[in-house]
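Trainee: Okay, here's the prediction I keep looking at, along with the sequence it came from:
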Amino acid sequence: MNDGKPPRRRRLPLRALAGALTVALALLCCTGGTAAFFLSGLGGDSAEQMTPMSVECTGDFQVDVSGKMPRLADYGDSQLRNAARIIGTGQKMKVPPRGWVIAVATAMQESRLRNLANRTVGESQGLPNEGVGADHDSVGLFQQRASWGTVRQRMTPEYAAKKFYEGLLDIPDWEQLPLTEAAQRVQRSAFPDAYAKHEAVAAQIVDALAGGAARTALVSGQEICDAASGKEVAASGWTAPIAGGVGSGFRTSQRPGHNGVDIGARKGTPIHAAASGRVLVSKCDPDNSGRETCDVDGYPGKGGCGWFVDILHSGGLITRYCHMVTRPHVHEGQRVSAGEVLGKVGSSGNSSGPHLHFEVHTEGDRSSRGATDPVPFMWSRGAPLTAKK
């Protein structure tokens, strides 16, 4: 869906990828009139900024704790080495990569990946530390309190990570939970919504330190690179909303106002949430005449997105799902998990045949100004919208 105005070109935050598959359907899509709408991230905080990286998913995920650390914005050598120790502990315990992302994100929130002492406990024992915390008797990367072990134990990164993973593994179906919920069940923090804002950067750190492991999905019991689709969610927390190939692409020369991509699919195909988040919009988008006529198939030039859903994700990211066949299954304000069914593919609104029009927006901006190309974005999350060549 777009606002009908020539788009203002933005520098894409990720390297554009070529080679999108074409599909038989020649699909046309939305020309609705969504105005600019700015939102903060989940929980009221925006995600930390970090220079985007292109990290291939190698299949060799072993982290080198003692090796040279990559250069990542805002995180120094000692912080990334602590992240490597958290990941390495997870690997030894055979925790899936999704757990590494959750653990790293949690430590980012609790300590910014620094091994913190406590003013009255850690420093009095003369233990090496990377700073001093201020929360009661909490110490270490995860700011664990006395019930988690001795001060020396909690300030040993491997011990602290092991205790976190043990708590995580005790949670039923933890891999299907939103990151912030899984982390909160272990940590019992006073600020339960704060973990979500670190998910994207935590996934990038895991990718950089462990060969693209955050881009893997569990398929038939195996961790497979770049295969997240539907209910199969990548360790990054993202999944392709439907399986299929991109037909009409993002802002092509033929359609410069096309702010998303069209994925052909049969009418009635389930559409899945690309990541966990909160539903912002779930309604019928009026056509060019201002009427809400989404219960019938649309046609080229009709205007509007038909039945559609917008979801706000951590870091101010927004995804949009257009042309559903009937009213969406979710309502405004509802929290949804990655892979949750939002509705079904249809052809309502400005459409020439059944397909999903899918958009990704950044900085909490639902207008065309916030739109970015979903193909490289989703590829970087291990949830490609097209088959890998």
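Mentor: It's in.

Trainee: ok, A103 to L179 distance?
Mentor: 10 Å (C-beta to C-beta, to the nearest Å). Heads up, the C-betas are built off the backbone N, CA and C, glycines and all.

Trainee: same thing with R381?
Mentor: R381 is 13 Å from L179, by C-beta to C-beta.

Trainee: Give the residues shared as contacts by these two.
Mentor: The contact sets of R381 and L179 overlap at G237 (C-beta atoms under 8 Å, 6 or more residues apart in numbering).

Trainee: My read is that Q187 contacts L141, right?
Mentor: No: counting by C-beta atoms under 8 Å, Q187 stays clear of L141, with 11.7 Å between them.

Trainee: Find residues that contact each of the two.
Mentor: In contact with both Q187 and L141: E110, using C-beta under 8 Å, 6+ apart.

Trainee: Settle it for me: which of the two has more neighbours?
Mentor: L141 (30 against 21; other C-beta atoms under 10 Å).

Trainee: measure that one to S367 for me?
Mentor: L141 is 39 Å from S367, by C-beta to C-beta.

Trainee: what sits opposite the nearest residue to P270 once chain neighbours are set aside in the beta ladder?
Mentor: Computed as C-beta to C-beta, 6 or more residues apart in numbering, the closest residue to P270 that is not its neighbour in sequence is V341, at 4.7 Å. V341 has these beta-bridge partners by DSSP bridges: H272.

Trainee: per-residue confidence at V341?
Mentor: V341 carries a pLDDT score of 98 in this model.

Trainee: list the contacts for it?
Mentor: P270, I271, H272, A273, H329.

Trainee: On the pLDDT front, check the second one for me.
Mentor: This points to I271. 98.

Trainee: picking up where we left off before, pick out whichever of the contacts of V341 sits closest to G315.
Mentor: A273 (15.6 Å; C-beta to C-beta).

Trainee: wait, the closest one sits on P241?
Mentor: Yes: using C-beta under 8 Å, A273 is in contact with P241, at 7.2 Å.

Trainee: Pick out whichever of the two has more residues nearby.
Mentor: P241 (29 against 24).

Trainee: Where does A160 sit, in terms of helix or strand?
Mentor: helix 157-169 (DSSP states H and E).

Trainee: Distance-wise, check A196 relative to V360.
Mentor: 17 Å.

Trainee: related to what we said a few turns ago, pull up the overlap in contacts between A273 and P241.
Mentor: With C-beta under 8 Å, 6+ apart as the test, A273 and P241 both reach T319, L342.

Trainee: Tell me which residues of stretch 323-332 come out buried.
Mentor: Judged by neighbour count (16 or more other C-beta atoms under 10 Å), stretch 323-332 contains these buried residues: H323, M324, V325, P328, H329, V330.

Trainee: State the helix or strand in which V104 lies.
Mentor: V104 belongs to helix 97-111, assigned by DSSP H and E.

Trainee: Counting by contacts, list what the next helix or strand after that helix packs against.
Mentor: Going down the chain from helix 97-111, the next helix or strand is strand 117-118, by DSSP H and E. If you count contacts as 3 or more C-beta pairs under 8 Å, 6 or more residues apart in numbering; DSSP states H and E, strand 117-118 packs onto strand 132-133.

Trainee: Report the mean per-residue pLDDT for stretch 67-81.
Mentor: 91.

Trainee: what's the answer for stretch 257-265, then?
Mentor: pLDDT averaged over stretch 257-265 gives 95.

Trainee: quick one: it to chain centroid distance?
Mentor: 20 Å (C-alpha atoms, centre = their mean, to the nearest Å).

Trainee: So A103 sits against M93, correct?
Mentor: No: A103 is beyond contact range of M93, at 10.5 Å (criterion: C-beta under 8 Å).

Trainee: re earlier: neighbour count winner among A196 and V360?
Mentor: The residue with more neighbours, out of A196 and V360, is A196; 27 against 24, by other C-beta under 10 Å.

Trainee: Tell me the spacing between the more buried one and T319.
Mentor: 15 Å.

Trainee: Out of the helices and strands in the protein, which is least certain?
Mentor: strand 132-133 (a mean of 64; mean pLDDT, DSSP states H and E).

Trainee: wait, is S78 part of a helix?
Mentor: Yes: under DSSP: H, G, I helix; E, B strand; the rest coil, S78 falls within a helix.

Trainee: can you count the residues close to it?
Mentor: 13.

Trainee: unless I'm mixing things up, V345 is touching L356, no?
Mentor: Yes: taking contacts as C-beta under 8 Å, V345 lies within contact range of L356: 5.5 Å.

Trainee: what about the helices in the stretch 151-300 of the chain?
Mentor: 151-154, 157-169, 179-187, 199-209 (DSSP state H, counting those that start in this stretch).

Trainee: out of these, deepest packed?
Mentor: helix 199-209 (a mean of 28; mean count of other C-beta atoms under 10 Å).

Trainee: For that helix, C-alpha coordinates in PDB please.
Mentor: Listed next in PDB are the C-alpha coordinates belonging to helix 199-209 (Å, rounded to 0.1, in the frame of the first residue of the first chain):
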ATOM      1  CA  GLU A 199      16.500  -8.700  19.800                       C
ATOM      2  CA  ALA A 200      17.600  -7.400  16.400                       C
ATOM      3  CA  VAL A 201      21.100  -6.500  17.600                       C
ATOM      4  CA  ALA A 202      21.500  -9.700  19.600                       C
ATOM      5  CA  ALA A 203      20.700 -11.700  16.500                       C
ATOM      6  CA  GLN A 204      23.400  -9.700  14.600                       C
ATOM      7  CA  ILE A 205      25.900 -10.400  17.300                       C
ATOM      8  CA  VAL A 206      25.100 -14.100  17.200                       C
ATOM      9  CA  ASP A 207      25.400 -14.100  13.500                       C
ATOM     10  CA  ALA A 208      28.800 -12.300  13.600                       C
ATOM     11  CA  LEU A 209      30.200 -14.600  16.300                       C
END
